[in-house]
Structures are given as structure tokens and as C-alpha cells.
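Chemist: Here is the input, now give the coordinates:
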Amino acid sequence: MSNDHNLRESYSSLGDLLSQSRQVSVLTVGDLMLDEYLYGTIDRISPEAPVGILDWSSLRSTLGGAGNVANNLTQLGCQVFLGGIVGQDEKGQQLLTMARDLGIHIEGVLVDPARPTTVKTRVISNGHQVLRIDREVRTSLQESQAEALLDWARRQMSHVDGIILSDYAKGVLGPDFCQALIGAARTRRLPVLVDPKGEDFSKYRGAFLLTPNKKELKEASQMPVQTADQLKQAVARIFSAVECNALLVTRGEEGMSLFTAVGSEDHIKAEVRDVFDITGAGDTVISMLARVLFAGHDLLAAARLANSAAAVKIGKLGTVGVNSNELLAWLQQREDQTRRKIVEQSQLRQLLSYARSQNKKVVFTNGCFDLLHVGHVQFLQNAKALGHILVVAINDDASTKSIKGENRPLITELDRARIIAALEAVDYVTVFSDLTPLRLIEELRPDILAKGGDYELNDVVGWREVQAYGGRVELIPITEGQSTSVIARNIATRYHVAS
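Modeler: This next block holds a predicted model:
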């Protein structure tokens, strides 16, 4: 089953889930690095070569890689046990001090005199990254180091609720190490989440969930991932190789797609905001997943919260964490935005009057929208494309019952309004009590009246009135096979059989 989700739970209910969740302990193992941000201004060109001259102003350092995952987890209130390796150098000592100051348990971090600490230096001018300098080696751990790290990780398993493997392909998470750690975790029934790298995901076999981005999925599956069908085929190949329970594919501006081994498929739209810096967004996603899943909550709810956390992260510069208060504030803001779309008819008239003063065309449609399905979503997206402002009028509970029958509505008018308001295509939602929207159409005088293509023009309430004042009626083709009544009957039938 495939579903597109804008709002399964309201933003406020997701906030409640996060704030009321029990605290968890997480074992995080992977590639550690120090992220440096060198700030300055480039406003002249060097006489020595055609390159800019940076006037240095400041240097800031943060935890990167698995360290950034640990940072995110601590900011979400988790107890964190961190394992990895650093060099016996100034940067390594700086990384350990920063982690210790955050309250992260660092007993599992090995120090190697022969291996430099991984450092990524990003040069920032006028708020934009102009250069990145990497200092690193990617050689695998020595056998004795891998055994020491694995022994430490096994000892921590009795103290944690789950495990994150943060792989940046710097040599810590080799195939034998991953399989040994995942095997030990499965014996203790601890879920393992993996942020994967490389072309061979089989080393993560047995993990609970992987979080590849589209590029990583393409490389590991050796398949294209541009279309929905290609994405599903690539995911199927990974499931076959990895035998994990779920894959959460992060798709940038396209949002996220959650697939499970039992065949479910859920697509979560990206939450719209200005993108400032995507660095570390994957670390934020897997940290939030762990925070919610390890507390015993639903996988889809965890993915929804991870999606929101990523929206907060990309609005911040640098490799930084997202704390609970920031996320709760974002969720409240999104809830408020959704609620502001739901307006009384008197307020709606004023809003549309202002829109027309800016030469914006108003599109109007109406319906019960009881049990929103993909056909509704596609219809509303197509309706919005006809103009600038889309107004959706929904029947209240009493009028819906009169139209649809004694057993309807399935969802209350307030919840129906909130679900419709959560759709990106919809600008305003209003609830009306008449059996038809004629009076509302006459008051609002929309430029375009949109209805489904299963209507004939003469059957559309308000068509004469709209055309009389110079507006037009548009009949939009509907998605075949989509019906609330059919879905409701299928649910009732399946529930009856199951009982």
C-alpha cells in the first residue's frame, strides 16, 4: 500500500509525542570528525592568481560525523555512549573535550597515535561556503582496535535502548565489525539504525532500519531512482541484500519515503522553508528516529518527526544539533499555520478581497472530503494550478450526514478541515452548513469554480451564477478507482474478516 502523508497526526500531537516520550539511552558508533568553520570576507582578488582573498575573522569548531549524531541525541535529552577513533593530536583532544562537555560518554573512543583525527574545514564568506578542506585517512581499523571497540560496544548493550551506526566511510565500520555488532544487538533484541555509505549495504544485514539518500540508494542498488517505480525497484533490491525491517529514503526537496519489508510505503512531503545549509541533516534525521523509536513509538510517527527536525536543521548554518525546544517551537508554528488556514466566512470575504486587490485569481471548490484519499489530493493540486488562491469549502457534520447517509461522516468537520488545511495546495478552508454551496459561491464570487470531471456542467451547483458575473467553471479529471465509500467498505470487510 502506498500513501502520501501531509498530516496523519497533527503537528500538535507529534509535539505531544515528543515531549511526553520517556528518555532513552543510545549507543552510537561510527566515524568521528571535527568540523571547522572558518569565517571571513572575500571582496578582492589576489594579484598572484585569479582567486579571492579571504579576510579571516573567526574559527568555530563542532562535532561532526558520529559526533554530530551524538550531539543531536544529547540535545534531544538522550543519554549517549559514543564509540569511534581519533588521533593522538590537538584536534582529537579538542573533539573529546567538546563531547565530554556535552555529557556524552566517551570511554568508547579509541586514540591512535598513528592516525590523524578527521577534520573538515569549511571556508565561509558572506554566509556562503566557498571551499572545504578535508584532512583524513580512510584506512580500516587494525584488528586489535576493531576488537577493542567491539568489546566495549557489547558491554554497553545492557545499558541502552538501541544502537546507531554512523558510517562516513572513514574506516571504522568495516563489514566484519558491522556484522559482529549487529549480531550481538539482535541477540539482545536491540534495534540498530544505520546511516549507510558505500556501494555494498550487505555489511548492514540484519539491521532494523537504514536511512540512505537517493544518491546512496542508487549507488548501493546499482539502479536508477528517478521515478517512483525505479525507487521501489531499487528499494526491493536493498531489502533482498540487507534483510532489514525498513528503509527511510531521504529525497531532499521531495521529502522522505518510508518503506517496510512487509510492503507498506509512505511518502512524507518536505516541509517548506528556506534552505540555509543541508550539512548534517542526515545526522539529525537518524537521531530523531532513534529518539522516538527507541522510546517505543510508531515508525511512521518517528519519520514524521525526523522530517520536521530536518526542516529545522536546514534553516541553521553548520553542523549543529536540533534540540527539543527548537523542534517543539517549529511544530507549534506549523500547527498555527494550519489553523490560520481555517477561517470563518466573514473573514474569508476580507481575505479574498485583499487577494483580488493584488490581481490574484481565486479558485473555489467544495465537498465533504470525508476520509481524504489520493484522488482528493490530486484534484486539489490540479485545482490550485488553475489560479493563485485555492479555497476549499467543506460540509459540516449535519449536512454531510444528510448528503452521505446516517453512518457519515467518518471524520468530524474540525478534523476534516485540519487535514485539508495541512495540504500545501490549499490556501483557505471554511465550513458551511447548507446542503449546497450556492449561497457561499454568491458571496465569495470566485474567479474559477472547480469540480471533478465526473460532473456534467449543468450538474455543478453555481455554474450559472459564476458564468453570469464573468467567472468560469473547470471540470478536472478525477483519479479512477478512488472513493471514500469503497475504502470504507474495504476497511469494514477486512475488519470483519480479521475479527
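Chemist: In contact with the closest residue to Phe239 other than its chain neighbours, which residues are there?
Modeler: Spatial nearest neighbour of Phe239, excluding adjacent residues (CB to CB, 6 or more residues apart in numbering): Ala261 at 5.6 Å. From N, CA and C alone the C-beta is placed, and that goes for glycine too. Applying CB atoms under 8 Å, 6 or more residues apart in numbering, we find Ala261 in contact with 239, 243-246.
Chemist: now swap in Ala180 and tell me
Modeler: Counting by CB under 8 Å, 6+ apart, Ala180 has contacts Leu150.
Chemist: just to revisit the earlier point, out of the contacts of Ala261, which are buried?
Modeler: 239, 244-246 (16 or more other CB atoms under 10 Å).
Chemist: and of the residues you listed, the nearest to Thr139?
Modeler: Cys244 (27.5 Å; CB to CB).
Chemist: where does the closest one land in three-state SS?
Modeler: coil (DSSP: H, G, I helix; E, B strand; the rest coil).
Chemist: next helix or strand past the helix or strand containing Leu300?
Modeler: Secondary structure assignment for Leu300, by DSSP states H and E: helix 299-313. Remark: after helix 299-313, the chain's next helix or strand is helix 324-341, criterion DSSP H and E.
Chemist: Okay, domains of this structure per the record?
Modeler: 2-34+63-118+136-336, 342-494 (automatic domain parsing).
Chemist: highest average neighbour count across those?
Modeler: domain 2-34+63-118+136-336 (a mean of 19; mean count of other CB atoms under 10 Å).
Chemist: what's near enough to touch Arg154?
Modeler: For Arg154, the contacting residues are 181, 184, by CB under 8 Å, 6+ apart.
Chemist: that older thread, alpha carbons only: can I get the helix holding Leu300 in CSV?
Modeler: C-alpha atoms of helix 299-313 as CSV (Å, rounded to 0.1, in the frame of the first residue of the first chain):
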residue,chain,number,x,y,z
LEU,A,299,7.8,4.1,12.9
LEU,A,300,5.8,6.5,10.8
ALA,A,301,5.4,9.0,13.6
ALA,A,302,9.2,8.8,14.1
ALA,A,303,9.7,9.5,10.4
ARG,A,304,7.3,12.5,10.5
LEU,A,305,9.2,14.0,13.4
ALA,A,306,12.5,13.3,11.7
ASN,A,307,11.1,15.2,8.6
SER,A,308,10.2,18.1,10.8
ALA,A,309,13.6,18.0,12.6
ALA,A,310,15.4,18.1,9.2
ALA,A,311,13.3,21.2,8.3
VAL,A,312,14.7,22.9,11.4
LYS,A,313,18.2,21.8,10.7
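Chemist: how far is that helix from where the chain is centred?
Modeler: Here the centre of helix 299-313 is set off from its chain's centre by 4 Å, with CA atoms, centre = their mean, to the nearest Å.
Chemist: That one to helix 324-341, inter-axis angle?
Modeler: 100 degrees (axes from the mean of the first three to the mean of the last three CA atoms, to 10 degrees).
Chemist: one step back: where's the residue nearest to Phe239 relative to His297, distance?
Modeler: 19 Å (CB to CB, to the nearest Å).
Chemist: Which neighbouring elements make contact with the helix holding Leu300?
Modeler: helix 11-20, strand 246-250, strand 256-260, strand 265-268, helix 281-293, helix 324-341 (3 or more CB pairs under 8 Å, 6 or more residues apart in numbering; DSSP states H and E).
Chemist: List the contacts of it.
Modeler: Against helix 299-313 from outside (CB under 8 Å, 6+ apart): 5, 8-9, 11, 14, 17-18, 209, 246, 248, 250, 255-256, 258, 260, 266, 268, 270-271, 273, 278, 280-281, 284-289, 291-293, 320, 322, 326-327, 330-331, 334.
Chemist: let's go with 6 Å and repeat that
Modeler: When contacts are defined by CB atoms under 6 Å, 6 or more residues apart in numbering, helix 299-313 is touched by residues 14, 248, 256, 258, 266, 268, 271, 273, 281, 284-285, 288-289, 292-293, 322, 326-327, 330.
Chemist: Export only the CA atoms of stretch 34-45, formatted as PDB.
Modeler: In PDB, the C-alpha atoms belonging to stretch 34-45 read as follows (Å, rounded to 0.1, in the frame of the first residue of the first chain):
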ATOM      1  CA  LEU A  34      35.900  17.600  13.900                       C
ATOM      2  CA  ASP A  35      34.000  20.100  11.700                       C
ATOM      3  CA  GLU A  36      35.600  23.600  11.500                       C
ATOM      4  CA  TYR A  37      34.100  26.800  10.100                       C
ATOM      5  CA  LEU A  38      36.500  29.500   9.100                       C
ATOM      6  CA  TYR A  39      34.600  32.700   8.600                       C
ATOM      7  CA  GLY A  40      35.700  35.800   6.700                       C
ATOM      8  CA  THR A  41      35.000  38.100   3.800                       C
ATOM      9  CA  ILE A  42      36.100  37.900   0.200                       C
ATOM     10  CA  ASP A  43      36.000  41.300  -1.500                       C
ATOM     11  CA  ARG A  44      39.200  41.400  -3.600                       C
ATOM     12  CA  ILE A  45      41.100  39.200  -6.000                       C
END
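Chemist: got the buried residues for it?
Modeler: In stretch 34-45, counting by 16+ other CB under 10 Å, buried: 34-40.
Chemist: Just the ones of these in strands?
Modeler: 34-40 (DSSP state E).
Chemist: mind checking how far the residue positioned nearest the centre of the chain is from Lys203?
Modeler: For the chain, Asn307 is the residue whose C-alpha lies nearest the centre (CA atoms, centre = their mean; 1.9 Å). Going from Asn307 to Lys203 by CB to CB gives 27 Å.
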